[in-house]
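Trainee: pasting a predicted model and its sequence here:
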Amino acid sequence: MESLPSYQQHQASGAKYGPLGFAILTMSDSRTPETDTSGQYIREAVTAAGHRVARYALVQDDPVCIRPELDAALGDSQVAVIVTNGGTGISLRDNAYETIVSVLDKPLDGFGELFRMLSYNEIGAAAMLSRACGGVARGKVIFSLPGSTKAVKLGLDQLILPQAGHLYFELQKHATRS
């Protein structure tokens, strides 16, 4: 590892924790477990990356439904990373952003910024409509993605999975100092 640039050393350091447990939460008023292609993609990609799915839930895009599932994932010792999809737009029924942000101890502003930048390359100015966000809550990393499978693939493949181990390493490193 000594010959790697420092950013690659940091990324590689997360591997020592082994497979991470992921919680996947789909927020939708119209999808069912059978039609939740975004949730299915997340489950498959997480497993293919060598991690495991510790929890999966599909709930209505309503804070009263989202919050208990989010709290359960945050309280689950088997979960290191939470990935949500759906409810990040600007319609009256899009409630994920407010619910997710309300539990964050530390926002990861760069996640939303990078997601929108990458989205802009694919969909142009419509990327500004996404309120994708990320952060840390109760020692876990949370990422909130739009519900479209194309957006989920972009966020998961280009941002979340490449950095999941490093993010977990950083959280553990600082937790042992306290």
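Mentor: Good, I have the coordinates.

Trainee: so what's the residue nearest to Arg43 when sequence neighbours are not counted up against?
Mentor: Distances taken as CB to CB, 6 or more residues apart in numbering put Val53 closest to Arg43, at 5.2 Å, once the chain neighbours are dropped. (Each C-beta comes from the backbone N, C-alpha and C, glycine too.) By CB atoms under 8 Å, 6 or more residues apart in numbering, the contact list for Val53 reads Gly21, Phe22, Ala23, Ile24, Arg43, Val46, Thr47.

Trainee: 10 Å instead?
Mentor: 21-24, 39, 42-44, 46-47, 78-79, 83 (CB atoms under 10 Å, 6 or more residues apart in numbering).

Trainee: mind checking the SS state of it?
Mentor: strand (DSSP: H, G, I helix; E, B strand; the rest coil).

Trainee: how near is it to Thr47?
Mentor: Distance of Val53 to Thr47, given as CB to CB, to the nearest Å: 7 Å.

Trainee: okay, and the common contacts of these two?
Mentor: Both Val53 and Thr47 are in contact with Phe22, where contact means CB under 10 Å, 6+ apart.

Trainee: can you show me the strands along this protein?
Mentor: When secondary structure is read from DSSP state E, the chain shows strands at 21-27, 52-59, 81-85, 106-107, 133-137, 140-145.

Trainee: check those strands for me and report the most buried one.
Mentor: Sort these by mean neighbour count, taking mean count of other CB atoms under 10 Å, and strand 81-85 sits at the top with a mean of 28.

Trainee: and that strand with strand 140-145, angle?
Mentor: 20 degrees (axes from the mean of the first three to the mean of the last three CA atoms, to 10 degrees).

Trainee: what's the distance between the residue nearest to Gly89 when sequence neighbours are not counted and Val101?
Mentor: Ranked by CB to CB, 6+ apart and with sequence neighbours excluded, the top spatial neighbour of Gly89 is Leu129, at 6.0 Å. Separation of Leu129 from Val101 (CB to CB): 17 Å.

Trainee: can you list the weak-confidence ranges in the chain?
Mentor: Within the chain, the ranges that satisfy pLDDT under 70 run 1-17, 174-178.

Trainee: now do the same contact list for Pro19.
Mentor: Per CB under 10 Å, 6+ apart, neighbours of Pro19: Val46, Thr47, Ala49, Gly50, His51, Arg52, Ala80, Gly165.

Trainee: show me what the nearest residue to Ala54 once chain neighbours are set aside is bridged to.
Mentor: Distances taken as CB to CB, 6+ apart put Gly21 closest to Ala54, at 3.6 Å, once the chain neighbours are dropped. Judged by DSSP bridges, the bridge partners of Gly21 are Arg52.
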